[in-house]
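A.B. asks: Next one to model:
(chains A and B)
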Number of protein chains: 2
Amino acid sequence: MADVTTLVEQARAGRPRAVARLISLVEGASPRLREVMAALAPLTGGAYVVGLTGSPGVGKSTSTSALVSAYRRRGKRVGVLAVDPSSPFSGGALLGDRVRMSDHASDPGVYIRSMATRGHLGGLAWAAPQAIRVLDAAGCDVVLVETVGVGQSEVEIASEADTTVVLLAPGMGDGIQAAKAGILEIGDLYVVNKADRDGAAATARELNHMLGLGEARAPGDWRPPIIKTVAARGEGTDEVIDALEKHRAWMEERGVLAERRTARAAHEIERLAVAALRSRIADLSGDRRLGALAARVVSGSLDPYAAADELVAGLTQG
Amino acid sequence: MADVTTLVEQARAGRPRAVARLISLVEGASPRLREVMAALAPLTGGAYVVGLTGSPGVGKSTSTSALVSAYRRRGKRVGVLAVDPSSPFSGGALLGDRVRMSDHASDPGVYIRSMATRGHLGGLAWAAPQAIRVLDAAGCDVVLVETVGVGQSEVEIASEADTTVVLLAPGMGDGIQAAKAGILEIGDLYVVNKADRDGAAATARELNHMLGLGEARAPGDWRPPIIKTVAARGEGTDEVIDALEKHRAWMEERGVLAERRTARAAHEIERLAVAALRSRIADLSGDRRLGALAARVVSGSLDPYAAADELVAGLTQG
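C.D. replies: Numbers count the residues shown, from 1 in each chain, chains lettered A, B, ... in the order given. Modelled structure (predicted):
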């Protein structure tokens, strides 16, 4: 097996197998996970991470594909992380998902990875940021993270992007569903796709009203734009990219990008720290210490809180 | 406000207001929580905790009420903890829920507490064991914990009892639903309620088949009985109590009761320890330490795992 340094070099040279291997190493919590993460760290931070989310049927995959094409025309390397519970590919790990976006199958400047949420939704919030780090370190200029905005987990992933795009399609249903799922608020920009259908203008108006986009804002505040697209024909895609670039420039100018990335990193560190502590406690389950404490609680000589304090004190001494 | 020692004395003397006050103190994570838990510890362990669970409509409340009456006839003090998302009483804290079981309203040997799960399901696994401890310390001989077997949280609570009773009613629907929810496996005994209706025998047969109750077992193993009841008329309730006593005696004889209680205590200690560690980490969120680590991750000089290690090391030094 190639060593980590070699894999990282190959990934940066655009070799998809090396990227796939690295993602497998980080998402599977392999023993080499830490080695990989340490090797990737200095190479990260170059990618602009864009989250795309929306209810099923709004055309997320088509929109993602259109964005990939448009970015490629601008000479950018693009990574795609498709997190989709409706994906027919279970198990999570697809090596270069060529079925999904066959347009880009032969393009070495594009790397596409599917993560099925089926069966391991809990592990998604864990695996997605690490896969993004691999794509970032591999030299992608843009990483598109496509999620179905139906669950808390997906919303979390979407909101961890640098810029979040919320997609809708004409018809009230979507709007209401999106509002319910709490994904409407997280958009930095909004796309009404399938804008050649009846009701596109009404959806945009409704959205504008619901989000209060027409209201006065402090000067310099970001006003999320609503863009109409027909992704299947590539219509409006350049406008979306222009809006993304505008948002990115606005974030950089105001320090918002650094803020968001720092908050995201803090959140990830917290999550990993809690997981580490939790697993230390789990290690003790087979241990005499926890058993002895539990026996004392059962006998009434100790209450559970005091027992937890002792357990924590025991942990922190190593 | 009465001090904790006085409250505990009054609760043991059977004063419902003191019990209510103690439960409020432990379920609300009040500053006096630890004081209360420490005061309760030496007084716990006397109560036999029976979990009753089943799908909506099987007659859980009626069965609970019938069991209360039967235990009272045997001179036992009974506590009831009704955890029910369909309860019309939101907010969780009902002082002596007199609507639910009006038969027992004026009986000083019965204490009934409702916990609504609505809106704070996550907090339930937290609050229920502590409320059970209060009822135990208050001198209840039996604590009945009634839960709707529809969610993971309810199943967890039910399975933390000394003995778990799974209720069903005639008709395939219930059986399948219960199996889906994963509650079928957790029964130490099974009750087919509404046994005067068509299909009761079929439900019992089906259950017997699904659980393999007819299969050979090692000598001394517990074979969960299936008991038919008409709780609304109190029919079969004494048989249920006999079976409960039989199960309890079997558990005591084989050391299973002590094992279960120790495992339950260990689980609770773990949960409290994780919560304590998590809140220590949360305390750091506004702290410079986490911010500084996050900034180093963003700059690429540190990976998130190494950052989490540093955070944990910092925690454990106090």
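A.B. asks: got the residues of the stretch 101-250 of chain A near chain B?
C.D. replies: residue A:129 (Cβ under 8 Å from any Cβ of the partner chain). From N, CA and C alone the C-beta is placed, and that goes for glycine too.
A.B. asks: For stretch A:231-245, which outside residues touch it?
C.D. replies: A:48, A:50, A:59, A:62-63, A:65-67, A:69-71, A:74, A:163, A:165, A:189, A:191, A:193-196, A:225, A:227-230 (Cβ atoms under 8 Å, 6 or more residues apart in numbering or on different chains).
A.B. asks: ends of it, how far apart?
C.D. replies: 18 Å (Cα to Cα, to the nearest Å).
A.B. asks: what is the mean pLDDT for that stretch?
C.D. replies: Per-residue pLDDT over stretch A:231-245 has a mean of 96.
A.B. asks: do stretch A:41-49 as well
C.D. replies: 94.
A.B. asks: so how far is it from its chain's centroid?
C.D. replies: Relative to its parent chain, stretch A:41-49 has a centroid offset of 14 Å by Cα atoms, centre = their mean, to the nearest Å.
A.B. asks: Need the CA coordinates for it. PDB is fine.
C.D. replies: The C-alpha trace of stretch A:41-49 is given here as PDB (Å, rounded to 0.1, in the frame of the first residue of the first chain):
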ATOM      1  CA  ALA A  41      -3.600  20.000   7.100                       C
ATOM      2  CA  PRO A  42      -1.000  22.300   5.500                       C
ATOM      3  CA  LEU A  43      -2.500  21.700   2.100                       C
ATOM      4  CA  THR A  44      -6.100  22.800   3.000                       C
ATOM      5  CA  GLY A  45      -7.800  26.200   2.900                       C
ATOM      6  CA  GLY A  46      -7.500  26.700  -0.900                       C
ATOM      7  CA  ALA A  47     -10.900  25.400  -1.900                       C
ATOM      8  CA  TYR A  48     -14.000  27.400  -1.900                       C
ATOM      9  CA  VAL A  49     -16.700  25.100  -0.400                       C
END
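A.B. asks: wait, does it make contact with chain B?
C.D. replies: Yes - Stretch A:41-49 is in contact with chain B by Cβ under 8 Å from any Cβ, via A:41, A:42, A:43, A:44, A:45.
A.B. asks: can you give me the helices in the stretch 101-250 of chain A?
C.D. replies: Under the criterion DSSP state H, counting those that start in this stretch, helices of the stretch 101-250 of chain A are mapped to A:124-137, A:152-159, A:172-180, A:200-210, A:237-254.
A.B. asks: What are the structural domain limits within chain A?
C.D. replies: A:43-254, A:269-316 (automatic domain parsing).
A.B. asks: Switch these over to a markdown table; also include mean neighbour count.
C.D. replies: A markdown table is the format used below for the domains of chain A (neighbours: other Cβ atoms under 10 Å in any protein chain shown):
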| stretch | mean neighbour count |
| --- | --- |
| domain A:43-254 | 19 |
| domain A:269-316 | 19 |
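A.B. asks: okay, these in TSV with distance to residue B:137 next?
C.D. replies: Converted to TSV, the domains of chain A look like this (distance: least, Cβ to Cβ, whole Å):
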stretch	distance to residue B:137
domain A:43-254	36
domain A:269-316	9
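A.B. asks: what's the least confident helix or strand in chain A, going by average pLDDT?
C.D. replies: helix A:172-180 (a mean of 55; mean pLDDT, DSSP states H and E).
A.B. asks: Residue A:30 falls within a strand, correct?
C.D. replies: No - Residue A:30: not assigned to a strand; according to DSSP: H, G, I helix; E, B strand; the rest coil it is coil.
A.B. asks: Report the contact partners of it.
C.D. replies: residue A:24.
A.B. asks: So which elements touch the longest helix anywhere in chain A?
C.D. replies: As assigned by DSSP state H, the longest helix anywhere in chain A is helix A:256-285. Counting by 3 or more Cβ pairs under 8 Å, 6 or more residues apart in numbering or on different chains; DSSP states H and E, the packing neighbours recorded for helix A:256-285 are helix A:124-137, helix A:237-254, helix A:304-316, helix B:256-283, helix B:288-299, helix B:304-316.
A.B. asks: how far out from the middle of the chain is that helix?
C.D. replies: With Cα atoms, centre = their mean, you get 16 Å for helix A:256-285.
A.B. asks: that older thread, secondary structure for the residues of stretch A:41-49 next to chain B - can I get that in JSON lines?
C.D. replies: Putting the residues of stretch A:41-49 next to chain B into JSON lines (three-state DSSP) gives the following:
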{"residue": "A:41", "secondary structure": "helix"}
{"residue": "A:42", "secondary structure": "helix"}
{"residue": "A:43", "secondary structure": "helix"}
{"residue": "A:44", "secondary structure": "coil"}
{"residue": "A:45", "secondary structure": "coil"}
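A.B. asks: Just the closest of those to residue B:218, please.
C.D. replies: Checking the residues of stretch A:41-49 next to chain B against residue B:218 by Cβ to Cβ gives residue A:41 as the nearest, at 55.0 Å.
A.B. asks: What values do phi and psi take at the nearest residue to the closest one once chain neighbours are set aside?
C.D. replies: With sequence-adjacent residues excluded and distances taken as Cβ to Cβ, 6 or more residues apart in numbering or on different chains, residue A:41 is closest to residue B:303, at 4.0 Å. Per-residue torsions, residue B:303: phi -100, psi 160 (degrees, to the nearest 10).
A.B. asks: give the contact list for residue B:303.
C.D. replies: Shown in contact with residue B:303 (Cβ under 8 Å, 6+ apart): A:34, A:37, A:38, A:40, A:41, B:297.
A.B. asks: One more: residue A:37?
C.D. replies: Contacts of residue A:37 (Cβ under 8 Å, 6+ apart): A:26, A:130, A:133, B:303, B:304, B:305, B:306.
A.B. asks: Swap in 10 Å and give it another go.
C.D. replies: A:4, A:25-26, A:44, A:130, A:133-134, A:137, A:272, B:302-307 (Cβ atoms under 10 Å, 6 or more residues apart in numbering or on different chains).
A.B. asks: what do you get for residue A:298?
C.D. replies: With Cβ under 10 Å, 6+ apart, residue A:298 has these contacts: B:44, B:45, B:257, B:258, B:259, B:260, B:261, B:262, B:263, B:264, B:265, B:266.
A.B. asks: pLDDT below threshold where in the stretch 1-150 of chain A?
C.D. replies: A:1-2, A:28-29, A:84-103, A:105, A:116-126, A:149-150 (pLDDT under 70).
A.B. asks: and what of the stretch 201-318 of chain A?
C.D. replies: A:284-287, A:316-318.
A.B. asks: how about a cut-off of 50?
C.D. replies: The model of the stretch 201-318 of chain A has pLDDT under 50 over residues A:318.
A.B. asks: Relative to residue A:237, how far out is residue A:167?
C.D. replies: Distance of residue A:167 to residue A:237, given as Cβ to Cβ, to the nearest Å: 12 Å.
A.B. asks: Mutual contacts of the two, please.
C.D. replies: In contact with both residue A:167 and residue A:237: A:63, A:191, A:229, A:231, using Cβ under 10 Å, 6+ apart.
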